[in-house]
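Q: 3D model of this:
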Amino acid sequence: MDQLTILFVIFLATIFSVPVGRRIAIPSPVLMTLFGVAMALLPQVPNPNLRPDLILPLVLPPLLFAAARRTHWRQFKASWRTVLLLAILLVLVTTAAVAGVFSLLNPTLPVGVAVLLGALISPPDPVAATAVAGDLSLPRRLINTLETEGLFNDVTAVVIYGVAVSAVVSRHFSGWEALGELALSGLIALAVGLGLGWFSNHAMSLLGDATLQVSLSLLVPYAAYVAADRLHGSGVLAVLVYGLYLSDKIDADDVAYRLVGTAFWDIIELLVTGFAFGLIGQEMYVVVNEVGGRWTALASKAFVVVAVVVVVRLAWLLPAAWLANRLGRARGTQAADDRPITRQETVVMWWAGMRGVVTVALALAIPLTVDGGAPFPGRDALLFTAFAVVLFTLVVQGLTLPLLVRSLNIGADDQALREAEKRLWYRVAKAELRRLNEAAEAGSIPDELYERLADRRRGRLVQSFPESVDEELRAAAKKRYREAARLRELDQEMIAAGRRELLDARAEPDMDPELVDRLLRRLDLRSERH
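A: Model prediction:
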């Protein structure tokens, strides 16, 4: 079996891992990891043959951009406590704790190697955490916290990792130089991310076509990562800044781009994530084979490191949650998503701290040699320990997290979500009515058309807040809603008939298929708008 066939098999397994995982209550990242291990056990499957320096730029940019485009920079501004306590300080504390323990267990290895291990296993994986948490109906604020932590802890960990690798390879380290490199790395990343974000935003409007726009959105995250990395900046931060910049520049009228882009990036995120976790499983087997008979000695040390990672996260989260709640009360915050985090929710956040794609990518990207050509010290021990942490947190914690959530009786506040949705629809209807009234005042709309459009929006207002009107208006609104629903149903049937006619025309020998496809796309968009 060649490498191309292996890649196809992994992608195919990724697609089916989602429905299979839902049916048997196992998260798809865990399934793909186990699938990768199973593939590696087959003698017909060769070892993965990926250059270490290509792992990060191939895997991280699309995953980071896909996550960043779902959020907004104001969310991070409002979540500064989460970013500071979890994505920065917890990564630093975990790195220091792991480095100290690993140095005690391996006194012959340089301290930089221990710091390197701490950096690469300190960040929980947002992809794994949200993939597992998303199927558990957790409170939205917990999922937001996990996503926010996952995005920014990657930045912190990758920057520390880069400094540690440089120190080990060059056999030289200066604290002041490291701080200067960190500051310069951040500034370069900000400049690259903002610059490419500005370029992409203007280029999107020039391209016009949704297919071209989405194609550009695929290339630029890679360009941001590589450009920042070549300029000695943080590629991860550059991609994150780029994604947040574009999320703030969404064109409300660019419907086609959002429809195509959302579907495209959902597919990319699914396939890249499946590939990454499948690679995790295969590499685990490869690493165990490489260490040979030493795996038992390494396993005992790896177990200690796993315990440190798990215990440090809990020991940090308990006081951090208390402090965050106290700061929130002192600030007088009443927002629904800023309510105090309970101890049960803190326990779930602790157990959801699974390592995955980033840890494996950083581990595989460790150079093979240092300056002068000597082997990188302790590389096999680093890989074995990193994969042990991933295996435990991903498989053990991933499989038991649903049981923990059920035992603690934690779930999403569905009523609050419905109320929030109703409030948003109320704002939408009010905005639409304001625009309608502006058009009526300008005399650009007939009275009959005005009443028809106004009735639709008033019906949405009544549907969202029925308690704000009397019974007669509610009854009239319900009648109009039923009529509108039937109208939409008939309209969809008419559009479907038009689509079938276009498809019949497409089969005619003298018909231009490209013309038919263009008209078919318009009907599809019209159907989506309804």
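Q: give me phi/psi at Ser122?
A: phi -80, psi -30 (degrees, to the nearest 10).
Q: give the closest residue to it in space, chain neighbours not counted.
A: In this structure, Ser122 finds its nearest non-sequential neighbour in Thr94, 4.0 Å apart by Cβ to Cβ, 6 or more residues apart in numbering. In this view, the C-beta of every residue, glycine as well, is placed from N, C-alpha and C.
Q: got it, and Leu298?
A: Using Cβ to Cβ, 6+ apart, the closest residue to Leu298 is Phe384 (4.8 Å).
Q: which elements pack onto the host helix or strand of that neighbour?
A: With secondary structure defined by DSSP states H and E, Phe384 is part of helix 379-391. Using 3 or more Cβ pairs under 8 Å, 6 or more residues apart in numbering; DSSP states H and E as the contact test, the elements touching helix 379-391 are helix 111-121, helix 255-291, helix 295-331, helix 357-364.
Q: reformat those as a markdown table; add mean pLDDT.
A: A markdown table is the format used below for the helices and strands packed on helix 379-391 (pLDDT from 0 to 100):
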| stretch | mean pLDDT |
| --- | --- |
| helix 111-121 | 92 |
| helix 255-291 | 81 |
| helix 295-331 | 84 |
| helix 357-364 | 82 |
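Q: TSV for those helices, including distance to Ile24?
A: Listed next are the helices and strands packed on helix 379-391 as TSV, based on distance: least, Cβ to Cβ, whole Å:
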stretch	distance to Ile24
helix 111-121	28
helix 255-291	17
helix 295-331	26
helix 357-364	23
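Q: ok, which of these comes nearest Gly398?
A: Judged by Cβ to Cβ, the one of the helices and strands packed on helix 379-391 that comes nearest to Gly398 is helix 255-291, at 10.5 Å.
Q: buried residues of that closest one, list them for me.
A: Burial within helix 255-291, assessed by neighbour count using 16 or more other Cβ atoms under 10 Å, is assigned to 256-257, 259-261, 264-265, 268-285, 287-288, 291.
Q: how distant is stretch 282-292 from the center of its chain?
A: 28 Å (Cα atoms, centre = their mean, to the nearest Å).
Q: what about dumping the CA coordinates of it to CSV?
A: Extracted in CSV, the C-alpha atoms of stretch 282-292 (Å, rounded to 0.1, in the frame of the first residue of the first chain):
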residue,chain,number,x,y,z
GLN,A,282,0.2,5.5,13.1
GLU,A,283,3.0,7.5,14.6
MET,A,284,2.3,6.1,18.0
TYR,A,285,3.1,2.6,16.8
VAL,A,286,6.1,3.8,14.9
VAL,A,287,7.5,5.5,18.0
VAL,A,288,7.0,2.4,20.1
ASN,A,289,8.9,0.3,17.5
GLU,A,290,11.8,2.8,17.4
VAL,A,291,12.5,2.8,21.1
GLY,A,292,12.5,-1.0,21.0
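Q: mind listing residues that contact that stretch?
A: 33, 36-37, 39-41, 45, 47-48, 295, 298, 360, 364, 380-381, 383-384, 387, 390-391 (Cβ atoms under 8 Å, 6 or more residues apart in numbering).
Q: got it, and stretch 386-394?
A: Contacts of stretch 386-394 (Cβ under 8 Å, 6+ apart): 29-30, 33, 117, 120-121, 124-125, 128, 277, 280, 283-284, 287, 299, 302-303, 305-306, 309-310, 353-356, 359-360, 362-363.
Q: who wins for proximity to Leu436 among the helices and strands packed on helix 379-391?
A: Counting by Cβ to Cβ, Leu436 lies closest to helix 255-291 out of those; the figure is 19.9 Å.
Q: before we move on, what SS does Gly372 have?
A: coil (DSSP: H, G, I helix; E, B strand; the rest coil).
Q: and it, how many neighbours?
A: Counted by other Cβ atoms under 10 Å, the residues lying close to Gly372 total 7.
Q: ok, it to Leu436 distance?
A: 74 Å (Cβ to Cβ, to the nearest Å).
Q: quick check, Trp295 in contact with Phe384.
A: Yes: taking contacts as Cβ atoms under 8 Å, Trp295 lies within contact range of Phe384: 7.0 Å.
Q: more neighbours: which of these two?
A: Applying other Cβ under 10 Å to Trp295 and Phe384 shows that Phe384 carries more neighbours, namely 23 against 16.
Q: where does the residue most central in space within the chain fall, secondary structure wise?
A: With distances taken as Cα atoms, centre = their mean, the residue of the chain nearest its centroid is Ala67 (3.3 Å). Using DSSP H and E, Ala67 sits within helix 52-68.
Q: which strands and helices sit next to that helix?
A: helix 126-134, helix 140-170, helix 210-230, helix 235-247, helix 255-291, helix 357-364.
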